[in-house]
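> Only the shape, not the letters, is given here:
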């Protein structure tokens, strides 16, 4: 009997109709000569999950399983074909597919009614050496390459927004173009310090938790009582407002409402955390815990860099690098879907380790064979027991 491979089951999270719409919208299959977006996406996701570090090793592994290609809707793939596609095919088609999965994850979180706590941050993707000269024009004093901006849900351990920019694009510049959600709670660091953007979040009916800069000009209007159970951890809980409506440089500060300042003791640091939020009702300890949760996105960045392929690239053109990073995100989202769909409790790290060597296994067929063998063994044991001594 035929049953799907694990790779086929993982790819079920991405309906072919979604890919067809993305292809039609971007014209990505024009002049494809038989090597479609589906073929490229499938082999690139396989490369992410199998841990392949070169085109040669990737295609050697993938083409070794020719018997499964027909059921996956693909074919044997040549190295030059994949290399050309990564260099030339429009990145927009993969962005569209990735955005579909990100939006799908976001809708699921909202439908489940979970705490809509979102963490914002970015991570650099360093690119140095021969072939990466195109990244030199946007280098900063910290890195040369690209930057991945992300919004991450710690409740689901899954990103809901991802966008790549040159390395010299500030975090706040990307955040201003992001769609804000009513009822969400956004947590971010001082790289997103823009009082007018904070005003936009407040106007949208969302909350934010961040840090004040040390030079923020503030006027304290009220000190809130700190419950005895929080004393020691919470040093101050007060309401403040900005002193300057016109900070200078023809800028206008539109944030006129009161803000809350929560000062949190840090045992391992000399200076306390000075948090800013527009949430005027939640306990100060909850505000501190929301900011502490921000480390979840740092762990996410560390995880994908260690377990997926966004440090070593199969091609050195900007197009190839962007496609590989996008397929890493797509692979992560598909595996997270697969894990939830099957109720797998194994950690993502262990699950990925298992999948890397079993992508072309057929679990249902293996279970069927094992069950048949078990039944025959039981029948044999019964016959043996019935025989006279």
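Everything's here; your move. What you see is a predicted model, and the numbers here were worked out from it, not measured in a lab. Numbering: from 1, shown residues only.
> sec struct for the nearest residue to residue 235 once chain neighbours are set aside, please.
Leaving aside its chain neighbours, residue 235 sits nearest to residue 263 (4.2 Å; criterion: Cβ to Cβ, 6 or more residues apart in numbering). In this view, the C-beta of every residue, glycine as well, is placed from N, C-alpha and C. Secondary structure state of residue 263, per DSSP: H, G, I helix; E, B strand; the rest coil, is strand.
> hey, where'd the strands end up in the stretch 151-300 of the chain?
Along the stretch 151-300 of the chain, counting by DSSP state E, counting those that start in this stretch, strands occupy 158-166, 185-187, 207-211, 218-223, 234-242, 259-264, 273-277.
> contacting residues for the residue most central in space within the chain?
Closest to where the C-alpha atoms of the chain average out (Cα atoms, centre = their mean) is residue 159, at 3.5 Å. Contacts for residue 159 (Cβ atoms under 8 Å, 6 or more residues apart in numbering) come out as 102, 105, 150-153, 300, 329, 332-333.
> hmm, back to that, may I see the strands of the stretch 151-300 of the chain organised as a markdown table, with mean pLDDT and distance to residue 354 added?
A markdown table is the format used below for the strands of the stretch 151-300 of the chain (pLDDT from 0 to 100; distance: least, Cβ to Cβ, whole Å):
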| stretch | mean pLDDT | distance to residue 354 |
| --- | --- | --- |
| strand 158-166 | 95 | 19 |
| strand 185-187 | 98 | 32 |
| strand 207-211 | 97 | 37 |
| strand 218-223 | 94 | 52 |
| strand 234-242 | 95 | 44 |
| strand 259-264 | 96 | 40 |
| strand 273-277 | 96 | 40 |
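> and of those, who's closest to residue 295?
Nearest to residue 295 among these is strand 185-187; the distance by Cβ to Cβ comes to 10.1 Å.
> and the closest one, which strands flank it?
Pairing partners of strand 185-187, with direction, according to DSSP bridges: strand 117-126 (parallel), strand 207-211 (parallel).
> How about the secondary structure of the closest residue to residue 344 other than its chain neighbours?
Spatial nearest neighbour of residue 344, excluding adjacent residues (Cβ to Cβ, 6+ apart): residue 351 at 6.2 Å. Classification of residue 351 by three-state DSSP places it in helix.
> which of the strands paired with strand 185-187 is buried the deepest?
Sort these by mean neighbour count, taking mean count of other Cβ atoms under 10 Å, and strand 207-211 sits at the top with a mean of 23.
> tilt between that one and strand 273-277?
Put simply, strand 207-211 runs at 160 degrees to strand 273-277, going by axes from the mean of the first three to the mean of the last three Cα atoms, to 10 degrees.
> neighbours of residue 348, just the number please.
Neighbour count of residue 348, defined by other Cβ atoms under 10 Å: 17.
> Residue ranges in the stretch 151-300 of the chain under the pLDDT threshold?
247-250 (pLDDT under 70).
> ok, 50 please
Along the stretch 151-300 of the chain, segments meeting pLDDT under 50 are nowhere present.
> before we move on, back to that, how many residues are close by the residue nearest to residue 235?
The number of residues packed near residue 263 is 18, by other Cβ under 10 Å.
> Report the contact partners of it.
Neighbouring residues of residue 263 by Cβ under 8 Å, 6+ apart: 234-237, 272-275.
> just residue 355 next, same as before
Listed by Cβ under 8 Å, 6+ apart, the contact set of residue 355 reads 6, 10, 49, 335.
> sorry, back to before: report the beta-bridge partner residues of the residue nearest to the centre of the chain.
Counting by DSSP bridges, residue 159 is bridged to residue 152.
> Now do it against residue 318, distance only.
Distance from residue 159 to residue 318, counting by Cβ to Cβ, to the nearest Å: 22 Å.
> Angles on the backbone of the residue nearest to residue 217 when sequence neighbours are not counted, please.
What sits nearest to residue 217 in space, not counting adjacent residues and going by Cβ to Cβ, 6+ apart, is residue 243, at 4.0 Å. Dihedral angles of residue 243 (phi, psi; degrees, to the nearest 10) stand at phi -80, psi -40.
> how far away is residue 243 from residue 41?
53 Å.
> Which residue of these two possesses the greater neighbour count?
Neighbour totals were compared for residue 243 and residue 41, and residue 41 leads with 23 against 11 (other Cβ under 10 Å).
> from memory the more buried one sits against residue 330, does it?
Yes. Counting by Cβ atoms under 8 Å, residue 330 is a contact partner of residue 41 at 7.3 Å.
> rewinding a little: quick one: which of the contacts of residue 159 sit in helices?
Those of the contacts of residue 159 mapping onto helices are 102, 105, 300, 329, 332-333, per DSSP state H.
> ok, back up a step: isn't the residue nearest to residue 217 right up against residue 221?
No. Using Cβ under 8 Å, residue 243 is not in contact with residue 221; the gap is 11.3 Å.
> Check the burial of residue 24 by counting its neighbours.
Residue 24 has 11 neighbouring residues, counting by other Cβ under 10 Å.
> tell me which residues in the host helix or strand of it are buried?
Using DSSP states H and E, residue 24 sits within helix 16-26. Neighbour counts over helix 16-26 (16 or more other Cβ atoms under 10 Å) mark 19, 22-23, 26 as buried.
> Next SSE downstream of that helix?
Going down the chain from helix 16-26, the next helix or strand is helix 37-50, by DSSP H and E.
> quick revisit: make JSON lines out of the strands paired with strand 185-187 and add distance to residue 143.
Formatted as JSON lines, the strands paired with strand 185-187 follow (distance: least, Cβ to Cβ, whole Å):
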{"stretch": "strand 117-126", "distance to residue 143": "4"}
{"stretch": "strand 207-211", "distance to residue 143": "23"}
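> so which of these comes closest to residue 312?
Evaluated over the strands paired with strand 185-187, closeness to residue 312 peaks at strand 117-126, with 11.4 Å, by Cβ to Cβ.
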